[in-house]
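1. sharing a model prediction with you, sequence too.
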Amino acid sequence: MINQVYRLVSPRQFEVTYQDFSLQTNMVVIRPTHLSICNADQRYYTGSRGKEMLAKKLPMALIHEGIGKVVYDPKGEFASGTRVVMVPNMPTEEDEFIGENYLRTSKFRSSGYDGFMQDYVFLNRDRLVEIPEDMNPHVAAFTELITIAMHSLTRFESRSHKRRNTFGVWGDGNLGFIMCLLLKKKYPGSKVISFGKTKYKMDRFSFVDESYQIDEIPEHVSIDHAFECVGGLGSQYAIDQSIDVLVPEGSISILGVSEYPVEVNTRMLLEKGITMIGSSRSGRADFENTVAFYKDYPDVVDYFTTLIGEV
């Protein structure tokens, strides 16, 4: 079977390459139907990742967020036409203590390995999770982004103390929106407070209990646990603010990615006994949990439609 792969070979330049795949394997063949472009893809496309990184990563097919339909399953477990979300993380081993998304031997699509910009994608069956047939495909396409928040929440639940009366989420972008919504649904009896920089973005957070711009936080505000969804150099200020308003022995979950080191107020971190929880990417279990989340709270899909910028 001849497959066309659309690889970025240099900033703003794609080339089509052809690969010959045998159907005499255990891999499931997927036809991508809806793909989502994230900031990482845009940085590769525009060349803003830097020459050394581009030289290391390219040529490469972009996109790691997407859904598709099953074209062929040699075992017949997936019927032809089944809608699935594709898991971009590709582990090559298992570890009793380390998750698949943290193993240094794992590969990740559109980060040094071909992503989903292909006519067909050949995947191991554990890299597929079936999605509801009637789900909005434009939301389903960025399921991977939602799994990042879901993964962070799973790590938080196993590493933080059980007092969860008030949560604070820093970041008024898509990840902050998703994190607030997951917290509100998972802990309906708790208060969720959003902290952001841009008012018109914060206006989307209609489901939170309170929201504050980061330069107008009242002195009385305190939270049990914080989630940093800012990234970049701005994450430094978000972490500092969260340390200030956290009650002792709370936790800070770090989700934002920064290209450069940021400073942390270790004096207050130690004085308050705060736990910092880092998390990155996600694994199959997080995709399964996210699809279950869609089914348990079908109204969240309507909220997520507000994150669709352009189709």
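-> Perfect, thanks for sending it.

2. ok, now how distant is Thr92 from Thr25?
-> Going from Thr92 to Thr25 by CB to CB, to the nearest Å gives 16 Å. The C-beta positions use only the backbone N, C-alpha and C, and glycine is treated the same way.

3. cool, Gly256 as well?
-> Distance of Gly256 to Thr25, given as CB to CB: 39 Å.

4. the two - which one has more neighbours?
-> Gly256 (21 against 11; other CB atoms under 10 Å).

5. ok so that one is a strand residue?
-> No: secondary structure of Gly256 (DSSP: H, G, I helix; E, B strand; the rest coil): coil, not part of a strand.

6. which residues does it contact?
-> By CB atoms under 8 Å, 6 or more residues apart in numbering, Gly256 lies in contact with 171, 175, 228-232, 234-235, 238.

7. contact partners for the closest residue to it other than its chain neighbours?
-> Once flanking residues are discounted, Gly256 sits nearest to Gly231: 3.1 Å by CB to CB, 6 or more residues apart in numbering. By CB under 8 Å, 6+ apart, the contact list for Gly231 reads 171, 175, 255-258.

8. kindly recompute the last result at 10 Å.
-> By CB atoms under 10 Å, 6 or more residues apart in numbering, Gly231 lies in contact with 39, 171, 173, 175-176, 238, 254-259, 262.

9. look up phi and psi at it.
-> phi 80, psi 170 (degrees, to the nearest 10).

10. just Thr143 next, same as before
-> Dihedral angles of Thr143 (phi, psi; degrees, to the nearest 10) stand at phi -60, psi -40.

11. likewise for Ala61?
-> Dihedral angles (degrees, to the nearest 10) for Ala61: phi -80, psi 130.

12. Asn174 too?
-> With angles defined as degrees, to the nearest 10, Asn174 sits at phi -60, psi -40.

13. against which helices or strands is the strand or helix carrying Gly68 packed?
-> Gly68 belongs to strand 65-72 when elements are defined using DSSP states H and E. Applying 3 or more CB pairs under 10 Å, 6 or more residues apart in numbering; DSSP states H and E, one finds that strand 65-72 contacts strand 28-36, strand 83-86, strand 121-123, strand 128-130, helix 137-140, helix 143-159.

14. my read is that Leu183 contacts Val192, right?
-> Yes: counting by CB atoms under 10 Å, Val192 is a contact partner of Leu183 at 5.0 Å.

15. list residues touching both of those two?
-> Shared contacts of Leu183 and Val192 (CB under 10 Å, 6+ apart): 167-169, 208, 227.

16. farthest-separated two in those?
-> Spatially, the most separated pair among those is Val208 and Phe227, at 12.3 Å (CB to CB).

17. of these two, give the one with the bigger neighbour count.
-> For Val208 versus Phe227, neighbours defined as other CB under 10 Å are more numerous around Phe227 (34 against 19).

18. you'd agree the more buried one is in a strand?
-> Yes: Phe227: assigned to a strand according to three-state DSSP.

19. so what pairs up with it in the strands?
-> Counting by DSSP bridges, Phe227 is bridged to Val169, Ser253.

20. would you mind measuring from it to Arg163?
-> As judged by CB to CB, Phe227 and Arg163 stand 16 Å apart.
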